[in-house]
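Visitor: Any chance you could fold what I've pasted below:
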Amino acid sequence: MGILLTIDNGGTFTDVCASNGERISYAKAPTTPHDLTQCFVSCLARASRELYGEEDLGRLIGETDYLRYSTTSGTNAVVERKGQPVALIVEAGEEDKVYGAVQQFGTNNLWHSMVPRRPTGLRIGKDDAVDAGELLEAVARILQDGGQRLVIALRSAAAERAVKEILLERYPRHLLGAVPFLISHELDQDADDARRTLTAVLNSYLHPGMEHFLYGAENVCKQHRLAHPLLIYRNDGDSARVAKTTAIKTWGSGPRGGLEGTVAYARHYDIDTLVAMDIGGTTTDVSIVCDGRVKMDAHGKIEAATTSLSLPDMQSFGLGGSSVISVQDRKIVIGPESVGAAPGPACFGRGGKEMTLTDALLLAGVIDGEHYLGGELKLDPQRAKQAIEAKIAAELGVSVNEAVVAVIEAFQMKCAEHLTAVIRDAGKQPAEATLLAFGGGGAMIVTGIARAAGIRRVIVPHLAAVFSAYGIGFSNLAHEYRVPLHGRNPDKAALATAQATMLERARRDMYGEGVDPDACSFDFTLQWSVDGEVVSEALGDAALKRMSGVVDPSLHLKATYPLPSPALVADAAASAAAPAPAATAKVRTGGKTLEAVGVYPADSLKPGHAVEGPALIRDAYLTCLLQSGWSLRVTGNQDLMIEETSK
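Guide: Now for the predicted structure:
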């Protein structure tokens, strides 16, 4: 087996995991928003250095079997309103309401960023006829007004097909004057016009930016002779080629990578309720796995937009290591604004003046400023002190040390509030849940967060700093297909015809992925919605009976080609005291300075080792503060199993 590479392109850092079958190496590179191909190449170069002892990008890619890649580009384009605006054609009379879609946004300006000009109405005649002259005149006006992308969203799929035929004849795609357009029913056959329209608009809005850099990344792989095509990890938990991936499927794919790893850990450690907390530079993402299952929203939301996509129930909050922290009305406020990696927190010394959690943790002694990111970046405590003095201490009328403690406690309490809400929404209590903490900041103060939330057991994965990238490694090469089923009792002959059509398409698509369709599995299910959650059952008479009268019934097909995934090692049988700490550190927590907190290099802790708090666990990318009243044990998989021993 060759090397397996997984990459998670986040808002602040881009993470990579590289497995050669014997060990997993990992690295981080600052994300370069102006050119995402640059950080893609940079993190691969760093991974090659970890594997070979020197930088050799060509060798790494040449020896790689599969490269799976997720990106926040789509998510950021929505958040920052930086997608490509589209022109929209709807049925006449729907120009202002667009089937009720516009009303979903309220005062939110996302709709106007996506569709800046009033949609164009098109009259649809009897038998879904379209007047070619009227259509071409409307398109001409759109182009004269500067429209560059076109979405056709009509109630009738037949009318949309008629529009497509006219446009392809008038603007053939092999000509430079071709108009890039998207037919809503071809993206999804959702019977709800508003959801289908929103989904099509969002996809078209994200498409150009995604296409530009993903094909750039793919070209880098081709130049260095990657054995198989670059695979894009999607928000449905699987991967596919760039050419087979729709832009909207990349939205939220990074956090989904962490969720995929969470499911694997829930099964490995046989945990009924596992809550994932991913603290990055910009956001904290929280999700929950109950009984080995991820809750799926039948019609996931992207901001205020209800889409046709089923999406995992993940909550994202503007809390991260680079979130701006300020004082308003004598209260500490965190985010949602972030300084990102550039200029970054004040302690980065890149011109940032805002106060962040990273600055507070440096002053508290939790972060080692001399060896941050493996020593690649030296942190400046004096700049951090200036920021907290000006932004927090002076505003609250307290000392710098008191301000440091107040900031950390405020962050802990805010995270705890969100964790508690997610757990209780799932019908569980914090005391019966286990917290899986990862991301660049997930482990740093996790025992403080867990205690505030009432959670008594925590797992910090040994690859916590790059866990979303690691989690992508549990995905397969797959495609999903959906056909709505109208009526209470679908005709079995029509169902069989739909199955045959879907299977033919799936086999063709898997062949296009470069794999043998006969080596793939093809699984049909019936799906419907109960209280907004997806219910899925294997196709059969029993499921057909239960489906009668349900909301949004549909026939689904999933075509899967299994890819290699990381091996999880069985737990250690016994515990033994860890070796003596390598150093001590002064750590400010709970208003006290602890003089002799033992510092343990993460690689000095082996399966079975146990450590009592207070202690600090550190390596190039992992920092974990184990507070008093907590103990940890290293599992066979080299994860930190942390439990509260006293309150």
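
Visitor: any idea how far residue 8 is from residue 562?
Guide: Between residue 562 and residue 8 the distance, using Cβ to Cβ, to the nearest Å, works out to 21 Å. C-beta: built from backbone N, CA, C; applies to glycine.

Visitor: When the two are compared, which one has more neighbours?
Guide: For the pair residue 562 and residue 8, the greater number of neighbours falls to residue 8 (31 against 12), based on other Cβ atoms under 10 Å.

Visitor: Tell me who's in contact with the nearest residue to residue 619 once chain neighbours are set aside.
Guide: Once its chain neighbours are removed from consideration, residue 619 has its nearest residue in residue 602; the separation is 3.8 Å (Cβ to Cβ, 6 or more residues apart in numbering). Under the criterion of Cβ atoms under 8 Å, 6 or more residues apart in numbering, the contact partners of residue 602 comprise 462, 617, 618, 619, 622.

Visitor: please redo it, this time with the cut-off set to 6 Å
Guide: Remark: with contacts taken as Cβ atoms under 6 Å, 6 or more residues apart in numbering, residue 602 is in contact with 617, 619, 622.

Visitor: By neighbour count, which of those residues wins?
Guide: Among these, residue 617 has the most neighbours (other Cβ under 10 Å), with 25 neighbours.

Visitor: Can you give me the pLDDT of it?
Guide: According to the model's per-residue confidence, residue 617 sits at a pLDDT of 95.

Visitor: cool, and residue 548?
Guide: According to the prediction, residue 548 has pLDDT 66.

Visitor: and the helix or strand hosting residue 254, what other elements does it pack with?
Guide: Counting by DSSP states H and E, the element that carries residue 254 is helix 253-268. In terms of contacts (3 or more Cβ pairs under 6 Å, 6 or more residues apart in numbering; DSSP states H and E), helix 253-268 is packed against strand 64-71, strand 273-279, strand 284-290, helix 467-472.

Visitor: tell me the angle of that helix relative to strand 64-71?
Guide: Using axes from the mean of the first three to the mean of the last three Cα atoms, to 10 degrees, one finds that helix 253-268 and strand 64-71 are set 120 degrees apart in direction.

Visitor: Between strand 284-290 and helix 253-268, find me the angle.
Guide: Angle of helix 253-268 versus strand 284-290, following the same axes, to 10 degrees, is 40 degrees.

Visitor: for the record, mean pLDDT for helix 253-268?
Guide: With pLDDT averaged residue by residue, helix 253-268 scores 93.

Visitor: from here on, count from 13
Guide: I'll keep to 13 as the first residue from here, and by that count the last item is helix 265-280.

Visitor: That one: which residues count as buried?
Guide: Residues of helix 265-280 classed as buried by neighbour count (16 or more other Cβ atoms under 10 Å): 265-278, 280.

Visitor: List of residues touching it?
Guide: Defining contact as Cβ under 6 Å, 6+ apart, one finds that helix 265-280 is touched by 20, 22, 82, 84, 245-247, 249, 286, 288, 290, 297, 299, 301, 304, 324, 326, 448, 479-480, 482-484, 486-487, 580.

Visitor: Taking strand 285-291 as reference, get the angle to that helix.
Guide: Per the same axes, to 10 degrees, the angle that helix 265-280 makes with strand 285-291 is 150 degrees.

Visitor: what distance separates helix 265-280 from the centre of its chain?
Guide: Relative to the centre of its chain, helix 265-280 is centred 11 Å away, using Cα atoms, centre = their mean, to the nearest Å.

Visitor: Ok, stretch 165-182 next?
Guide: Here stretch 165-182 is found 34 Å from its chain centre; the criterion is Cα atoms, centre = their mean.

Visitor: Quick one: mean pLDDT for stretch 124-144?
Guide: Along stretch 124-144, the predicted confidence averages to a pLDDT of 94.

Visitor: Show residues contacting stretch 167-174.
Guide: Outside stretch 167-174, the residues that reach it (Cβ under 6 Å, 6+ apart) are 103, 136, 140, 142, 164, 166, 195, 197, 205.

Visitor: Could you look up the SS state of residue 429?
Guide: Assigned by DSSP: H, G, I helix; E, B strand; the rest coil, the conformation of residue 429 is helix.

Visitor: Tell me what angle the helix ranked longest in the chain forms with strand 76-83.
Guide: In terms of residue count, the longest helix belonging to the chain (DSSP state H) is helix 205-235. Note on geometry: by the same axes, to 10 degrees, helix 205-235 and strand 76-83 are set 140 degrees apart in direction.

Visitor: Which among the contacts of helix 265-280 count as buried?
Guide: Among the contacts of helix 265-280, those classed as buried by neighbour count (16+ other Cβ under 10 Å) are 20, 22, 82, 84, 245-247, 249, 286, 288, 290, 297, 299, 301, 324, 326, 448, 479-480, 482-484, 486-487, 580.

Visitor: Count the residues that sit near the closest residue in space to residue 285 that isn't next to it in sequence.
Guide: In space, residue 285 comes closest to residue 445 once its chain neighbours are excluded; the distance is 4.4 Å by Cβ to Cβ, 6+ apart. Neighbours of residue 445 under the rule other Cβ under 10 Å: 27.

Visitor: where's stretch 456-470 relative to the chain centroid, distance-wise?
Guide: Here stretch 456-470 shows a centroid-to-chain-centroid distance of 23 Å under the convention Cα atoms, centre = their mean.

Visitor: ditto for stretch 58-74
Guide: 26 Å.

Visitor: Please enumerate residues in contact with that stretch?
Guide: 28, 30, 37, 39, 41, 56, 57, 233, 236, 237, 238.

Visitor: quick one: which of those residues is nearest residue 366?
Guide: Ranked by distance to residue 366 (Cβ to Cβ), the contacts of stretch 58-74 are led by residue 41 at 22.9 Å.

Visitor: can you pull the contacts of that closest one?
Guide: Contacts of residue 41 were listed using Cβ under 6 Å, 6+ apart, and they are 26, 51, 54, 55, 58.

Visitor: From residue 239, how far out is residue 556?
Guide: Between residue 556 and residue 239 the computed distance is 43 Å (Cβ to Cβ).

Visitor: repeat for residue 412
Guide: From residue 412 over to residue 239 the distance is 54 Å, taken as Cβ to Cβ.

Visitor: now the residue nearest to residue 285: how far from residue 290?
Guide: When Cβ to Cβ is applied, the distance between residue 445 and residue 290 equals 16 Å.

Visitor: For residue 105, which non-adjacent residue is closest in space?
Guide: Of all residues not flanking residue 105 in the chain, residue 133 sits nearest, at 6.4 Å (Cβ to Cβ, 6+ apart).

Visitor: Indicate each strand paired with the helix or strand where the one you found lies and its parallel or antiparallel sense.
Guide: In this structure, residue 133 sits in strand 132-134 according to DSSP H and E. Partner strands and pairing direction for strand 132-134 (DSSP bridges) are strand 99-103 (parallel).

Visitor: Checking residue 605 next. Helix, strand or coil?
Guide: When classified by three-state DSSP, residue 605 comes out as strand.

Visitor: roughly how far apart are it and residue 411?
Guide: As defined by Cβ to Cβ, residue 605 lies at a distance of 13 Å from residue 411.

Visitor: swap in residue 385?
Guide: 30 Å.

Visitor: Looking at the two, which is more packed in?
Guide: Neighbours per residue (other Cβ under 10 Å) separate residue 385 from residue 411, with residue 385 holding more: 17 against 11.

Visitor: hang on, the more buried one in a strand?
Guide: No - with three-state DSSP as the criterion, residue 385 is assigned helix and is not in a strand.
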